[in-house]
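Asker: below: sequence and its predicted model.
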Amino acid sequence: MVLESTIVCVDNSDYMRNGDFVPTRLQAQQDAVNLVCHSKTRSNPENNVGLLVMSHVEVLVTLTTDAGRVLSKLHQVQPMGEIKFGTALKVAHLALKHRQGRNHKMRIVFFVGSPVEDEEKELVKLAKKLKKEKVQIDIVNFGEEAVNTDKLTALVNTINGKDGTGSHLVTVPPGPLLSEALINSPIIVGEDGSGAGLQATGFEFGVDPNEDPELALALRVSMEEQRARQEDEAKKAIDSTAEETAPVQETGTNDEAMLRQALTMSLGQEEEPAPTPSGQNFSSLSEEEQIAYAMQLSLQNSGQQDIVV
């Protein structure tokens, strides 16, 4: 198995508050990083992973075999400012150069969910240096793909060169779960489709719970939370639509309705009043006749109450 040290660079800019990936880009990214970290340590227990944030470029977790430590720090990350992609690339490379396992291959995994402000020519220059140092890069491009795709493609193509396939760019449009979109991507399954072994295996999410119960549980919890959020949003949408389309009852504008209500109240009943004694329909009476009839019944009802008393 390939020994590898990986620095995961996450986007913690203000753009990560956006809700085009449910529930937000930041939380969708957390689930995806969870998947990446577990896939790395599962493919080889000696693999190391580290964590770097890109808005105020800082290494939160140095290279470690403990994926749980990385994920614990990840959930403390809050959105702020803008990312500094080029600076993050340099710092991640420096962290990899100080890895303990000198025989480990070096890889940087970027999650980019906000605009990359660096010039393309600067990124290409950095890519040439990384290629010389034999550093591979994987990039998950989401949220601002229309702005970033050309720059990131140039970066990955420069590192790969004409024949290389070790670096990958995965662009994910809004809609699917970010982690779900990565399960069968080269970032997870490797160059030949056999890297982390998370492709379809007949198990839920492609993971055998007997081999990696922690990853299987994390994926299941993530999926259940996503389904609960979707059901809650669907229910809110239905309730909102029902409120908007509910017919508004006319009150105070229909004279006949008001008279019927007055008549019902005078009789002390909820149902509609019966036809007049003459057999004539109430609605066929003129307005003056309806008022007179309602007053007559009201007086009769009042007289009956006086007798009872």
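Answerer: Arrived safely, thanks for sending.
Asker: so E46 is in which element?
Answerer: In the assignment (DSSP states H and E), E46 maps to no helix and no strand.
Asker: skip the chain neighbours and tell me the closest residue to it.
Answerer: L3 (5.8 Å; CB to CB, 6 or more residues apart in numbering). The way it works is simple: take the backbone N, C-alpha and C, and place the C-beta from them, glycine included.
Asker: what values do phi and psi take at V156?
Answerer: Main-chain torsions, V156, degrees, to the nearest 10: phi -70, psi -40.
Asker: so Q296, which state does it fall into?
Answerer: The assignment at Q296 comes out as helix when based on DSSP: H, G, I helix; E, B strand; the rest coil.
Asker: now the strands for the stretch 51-200 of the chain?
Answerer: According to DSSP state E, counting those that start in this stretch, the stretch 51-200 of the chain carries its strands in the segments 58-64, 105-112, 135-142, 168-172.
Asker: can I get those strands in TSV with mean pLDDT?
Answerer: Below are the strands of the stretch 51-200 of the chain laid out as TSV (pLDDT from 0 to 100):
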stretch	mean pLDDT
strand 58-64	97
strand 105-112	98
strand 135-142	98
strand 168-172	97
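Asker: adding mean neighbour count, write those out as TSV.
Answerer: Shown next, in TSV, are those (neighbours: other CB atoms under 10 Å):
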stretch	mean neighbour count
strand 58-64	17
strand 105-112	23
strand 135-142	24
strand 168-172	19
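Asker: can I get these in CSV including distance to L182?
Answerer: Formatted as CSV, the strands of the stretch 51-200 of the chain follow (distance: least, CB to CB, whole Å):
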stretch, distance to L182
strand 58-64, 20
strand 105-112, 10
strand 135-142, 7
strand 168-172, 7
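Asker: the residue nearest to E46 and T64: what is the separation?
Answerer: Computed as CB to CB, to the nearest Å, the L3 to T64 distance reads 14 Å.
Asker: could you do N48 as well?
Answerer: Applying CB to CB to N48 and T64 gives a distance of 6 Å.
Asker: also A95?
Answerer: Where T64 is concerned, A95 sits at a distance of 12 Å (CB to CB).
Asker: now for the two: what residues contact both?
Answerer: Residues within reach of A95 and of T64 at once, by CB atoms under 8 Å, 6 or more residues apart in numbering, are G50.
Asker: out of the helices and strands in this structure, which is least certain?
Answerer: Ranked by mean pLDDT, DSSP states H and E, the helix or strand of the chain with the weakest confidence is helix 255-267, at a mean of 58.
Asker: give the contact list for the nearest residue to V2 once chain neighbours are set aside.
Answerer: Nearest residue to V2 in three dimensions, chain neighbours excluded: K105, at 6.2 Å (CB to CB, 6+ apart). Going by CB under 8 Å, 6+ apart, K105 touches V2, L3, E4, S5, K134, Q136.
Asker: and E82, by the same measure?
Answerer: The contact partners of E82, by CB under 8 Å, 6+ apart, come to S13, D14, S55, S114, P115, E117.
Asker: tabulate the residues you listed (CSV), appending distance to I183, pLDDT and neighbour count.
Answerer: Listed next are the contacts of E82 as CSV, based on distance: CB to CB, whole Å; pLDDT from 0 to 100; neighbours: other CB atoms under 10 Å:
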residue, distance to I183, pLDDT, neighbour count
S13, 25, 98, 23
D14, 28, 98, 13
S55, 27, 96, 22
S114, 24, 98, 25
P115, 27, 98, 17
E117, 31, 97, 12
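Asker: those: which two are farthest apart?
Answerer: The most widely separated members of the contacts of E82, counting by CB to CB, are D14 and E117 (13.6 Å).
Asker: what's the distance between F111 and L3?
Answerer: As for F111, its distance to L3 is 23 Å (criterion: CB to CB).
Asker: L51 too?
Answerer: 19 Å.
Asker: ok, those two, which is more surrounded?
Answerer: Shown here are L51 and L3; by other CB atoms under 10 Å, L51 has more neighbours (26 against 13).
Asker: hang on, E46 packs against T64?
Answerer: No - the criterion here is CB atoms under 8 Å, and E46 misses it with T64 at 11.4 Å.
Asker: OK, contacts around the residue nearest to E46?
Answerer: Here L3 is in contact with N44, E46, N47, G101, N103, H104, K105 (CB under 8 Å, 6+ apart).
Asker: burial of the third one, as a residue count?
Answerer: For N47, the number of neighbouring residues by other CB under 10 Å comes to 25.
Asker: which parts of stretch 85-95 are buried?
Answerer: Under the neighbour-count criterion of 16 or more other CB atoms under 10 Å, stretch 85-95 has F85, G86, A88, L89, V91, A92, H93, A95 buried.
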